[in-house]
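Chemist: Just to be clear, the model below is a prediction. Sequence and coordinates:
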Amino acid sequence: MLEGFDFGALAMDKQLKGTLEPLKRYNALEVPASYFAEAMQRLRERYLNVPLDAVLHPLSSFGVARVAVATYQAISGAGKTFASWPEMVDNVIPFIKGEEEKSEREPLKIWGTLVDGRIRDAAKPVITAQCIRVPASDGHMAAVFVSFDRKPERAQILDAWRAFVGKPQTLGLPSAPTPFLTYFEDDARPQTRLDRDLGRGMGVSIGRLRSDALFDYRFVCLSHNTVRGAAGGAILTAELLKAEGYLAAK
């Protein structure tokens, strides 16, 4: 589960029309890609979980029921560098204020429905999260454990990830990574330093999919928090708004 940032721009906001007009804050969202305008209304909180939502959404046909996730988040997620936060060198902090609560709540908003102009959270999956700050400059990794209503075969999960195409890819937007999701068969991947820049920092990488003793499956995933989760995500949002007709010409 990766944190994003608040990229509301007043100049752009004045160009929005229809249901997007009241929004002052938005970020890129490729899942679910089928109803971008409604999904944009859900992103009213400061943070957005990027890779967890991205890797679970293609599996929704199997009924994602329970999720346990431990995230390992880079220091740039706190707006820091090693120069400004020397205490993080050779150190791990097992607490990020407010992040676990948001990580458990926000996916349910994204997968929820709009009823009378208000968000009705999805009832499932049940999510429990633990978020840890680690000594990496950029790139957030998540160790994910998941159970389904209808347990798929491992090959079905891999096929779903490989086949998934979001609206930004369908529209051929300049900042959209192709592919959006990349699975590594190498057990030592993804790695933060090697793979956070996948797709110019806009892709999500996955690895180590295997059976679990308590859940159906477990795996790891990685995304670049300051590109996909922040600046790059804001640019992709602008591209998608333009392609969908939400930005008027001056």
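Modeler: On my side now, so go ahead. Residues are numbered from 1 along each chain as shown.

Chemist: What segments of this protein are helices?
Modeler: Along the chain, the segments classed as helices by DSSP state H run 10-13, 36-42, 51-56, 99-110, 154-163, 167-170, 192-195, 232-243.

Chemist: hey, C-alpha coordinates of the fourth one in CSV?
Modeler: Put plainly, it is helix 99-110. What follows is helix 99-110 as a C-alpha-only set of coordinates in CSV (Å, rounded to 0.1, in the frame of the first residue of the first chain):
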residue,chain,number,x,y,z
GLU,A,99,-1.1,5.2,7.7
GLU,A,100,-2.5,1.9,8.8
GLU,A,101,-6.0,3.3,9.3
LYS,A,102,-6.0,4.9,5.8
SER,A,103,-4.5,1.7,4.3
GLU,A,104,-7.4,-0.3,5.6
ARG,A,105,-10.1,2.2,4.8
GLU,A,106,-9.3,3.8,1.4
PRO,A,107,-9.5,0.7,-0.8
LEU,A,108,-13.0,0.2,0.4
LYS,A,109,-13.9,3.7,-0.8
ILE,A,110,-12.2,3.1,-4.2
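
Chemist: Now it: buried residues?
Modeler: 99-100, 102-104, 106-110 (16 or more other CB atoms under 10 Å). To be clear about C-beta, it is placed using only N, CA and C from the backbone, and glycine gets the same treatment.

Chemist: Could I get the helices of the chain in JSON lines, plus columns for distance to residue 147 and mean pLDDT?
Modeler: Putting the helices of the chain into JSON lines (distance: least, CB to CB, whole Å; pLDDT from 0 to 100) gives the following:
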{"stretch": "helix 10-13", "distance to residue 147": "40", "mean pLDDT": "35"}
{"stretch": "helix 36-42", "distance to residue 147": "25", "mean pLDDT": "43"}
{"stretch": "helix 51-56", "distance to residue 147": "12", "mean pLDDT": "88"}
{"stretch": "helix 99-110", "distance to residue 147": "15", "mean pLDDT": "90"}
{"stretch": "helix 154-163", "distance to residue 147": "13", "mean pLDDT": "98"}
{"stretch": "helix 167-170", "distance to residue 147": "28", "mean pLDDT": "91"}
{"stretch": "helix 192-195", "distance to residue 147": "26", "mean pLDDT": "98"}
{"stretch": "helix 232-243", "distance to residue 147": "29", "mean pLDDT": "87"}
